[in-house]
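In: Fold the following.
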Amino acid sequence: MQYRTLGKTAIEVSVVGIETHQWSGMGGKFFAREDVQAILERAQKFGINFIDTGECYFFHAAERVIGEALGSSRKKFIIATKFGHTSEPERTARTWTAEGIKKSLDDSLRALKTDYIDIYELHINSEEDLNCFEDTVGEVAKALKQAKDDRIIRSIGICLGDNELFDKKGKILEVAIREVGVESVEVVYNRLHREAETGVLPMAQKYGLGVIARVPLAKGYLSSRFKPSNKNYDARLVAEVENIKKKEVPEGVDIAEWAINWCIKNPAVASVIPGCSAPEQLDSTCRALNL
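Out: Below you'll find the model as predicted:
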């Protein structure tokens, strides 16, 4: 395994980590403690030490199964989780007040069965999130400073959703850096979606932020498991992937492994976080390091 320092923090993360959204059951599969435990045990054997999760992954469900599975192995992993939303029946509520952040943090600590979070991320996933954050930036900054002073969180990060709000997020990112003390940024970055190269990545370099690349397989398009027969596919992206296969992916190389390696090769990226639904998927993920 290779490791990189997350920006100006002292946190060393494996260059490949694990994104855990599907562990909440929101992807249609129920993950029990034993399922996640098997994945994390395999991760330890490979030297993977980074887990990314979130509070709104179905009522803290992903956090809970991680906490149950980790047990005494908590200190062997770097955990990033998020705040900004509260899952409620039929809807997701915004949580950007100091009181709301404290409750969300307490709930995450309880779910993860830990007394600290390594990377606590503002979760900006929509224009409404942007507006809520702008309206409460002072409260957010105060709440996070207190949590950091109390050593409940080690560092502050920001997770940016899809790239449609990219220009506004660039502005928000500067506000988060200046006013809140953000030290890392999680952003959509893969061979099909490279918008971060013209905004977020240069800003990260300018301010010394650690970069976490999310959705490295472009929601399955850059995976050998993707089937164009799926009625929901984007024909333009399918055509682009076929062109990439012909011109960029070496013969005999799995496209998913190549896509992860493509992200890792960018020195601005500290860690790449594909999802993982079974222990054996980590074998493929880690083969990407040797391409």
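In: Strands along the stretch 1-150 of the chain, start to end?
Out: 3-5, 12-14, 18-19, 50-52, 78-83, 85-88, 91-94, 117-124 (DSSP state E, counting those that start in this stretch).
In: ok, now the stretch 151-291 of the chain?
Out: Using DSSP E, counting those that start in this stretch, strands in the stretch 151-291 of the chain cover 153-160, 184-188, 210-214, 269-273.
In: what's the burial count for the residue nearest to residue 142 when sequence neighbours are not counted?
Out: Counting by C-beta to C-beta, 6 or more residues apart in numbering, residue 142 lies nearest to residue 98, which is 6.1 Å off, once chain neighbours are set aside. Glycine gets a C-beta too; all of them are placed from N, C-alpha and C. Residues lying near residue 98 (other C-beta atoms under 10 Å) number 16.
In: closest one to residue 19 among the strands of the stretch 151-291 of the chain?
Out: Ranking these by distance to residue 19, with C-beta to C-beta as the measure, places strand 269-273 first at 4.2 Å.
In: Show me what that closest one is packed against.
Out: If contacts are counted by 3 or more C-beta pairs under 8 Å, 6 or more residues apart in numbering; DSSP states H and E, strand 269-273 sits against strand 3-5, strand 12-14, strand 50-52, strand 210-214, helix 255-264.
In: tell me which residues in the second one are buried?
Out: Neighbour counts over strand 12-14 (16 or more other C-beta atoms under 10 Å) mark 13-14 as buried.
In: pLDDT below threshold where in the chain?
Out: Applying pLDDT under 70 to the chain flags the ranges 26-28, 87-91, 163-170, 227-231.
In: And the helices in it, which stretches?
Out: Listed in chain order, the helices of the chain (DSSP state H) span 33-46, 61-70, 98-112, 127-149, 166-175, 200-207, 235-247, 255-264, 281-287.
In: contact partners of the first one?
Out: The one in question is helix 33-46. Helix 33-46 is contacted by residues 1, 18, 23, 49, 51, 65-66, 68-70, 73, 76-77, 276, 278-280, 282, 286 when judged by C-beta atoms under 8 Å, 6 or more residues apart in numbering.
In: cool, the third one as well?
Out: Outside helix 98-112, the residues within contact range by C-beta under 8 Å, 6+ apart are 53, 55, 60, 63-64, 66-67, 70, 79, 81, 83-84, 86, 95, 115-117, 120, 139-140, 142-144, 147, 152-153.
In: ok, residue 272 - contacts?
Out: Residues in contact with residue 272, defined by C-beta under 8 Å, 6+ apart, are 15-17, 212-213, 216, 260, 263-264.
In: export these to a markdown table and tack on distance to residue 252?
Out: Converted to a markdown table, the contacts of residue 272 look like this (distance: C-beta to C-beta, whole Å):
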| residue | distance to residue 252 |
| --- | --- |
| 15 | 23 |
| 16 | 21 |
| 17 | 27 |
| 212 | 30 |
| 213 | 25 |
| 216 | 21 |
| 260 | 16 |
| 263 | 20 |
| 264 | 19 |
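In: Widest-spaced pair of those residues?
Out: Taking C-beta to C-beta, the two most distant members of the contacts of residue 272 are 212 and 260; they sit 13.4 Å apart.
In: what's around residue 76, how many residues?
Out: Neighbourhood size, residue 76 [other C-beta under 10 Å]: 11.
In: And residue 9, by the same measure?
Out: Residue neighbour count, defined by other C-beta under 10 Å, stands at 20 for residue 9.
In: From residue 251, how far off is it?
Out: With distances taken as C-beta to C-beta, to the nearest Å, residue 9 is found 40 Å from residue 251.
In: How about residue 1?
Out: Counting by C-beta to C-beta, the separation of residue 1 from residue 251 is 27 Å.
In: Could you check which of the two is surrounded by more residues?
Out: Legend: neighbour count by other C-beta under 10 Å for residue 1 and residue 251, higher for residue 1 (13 against 5).
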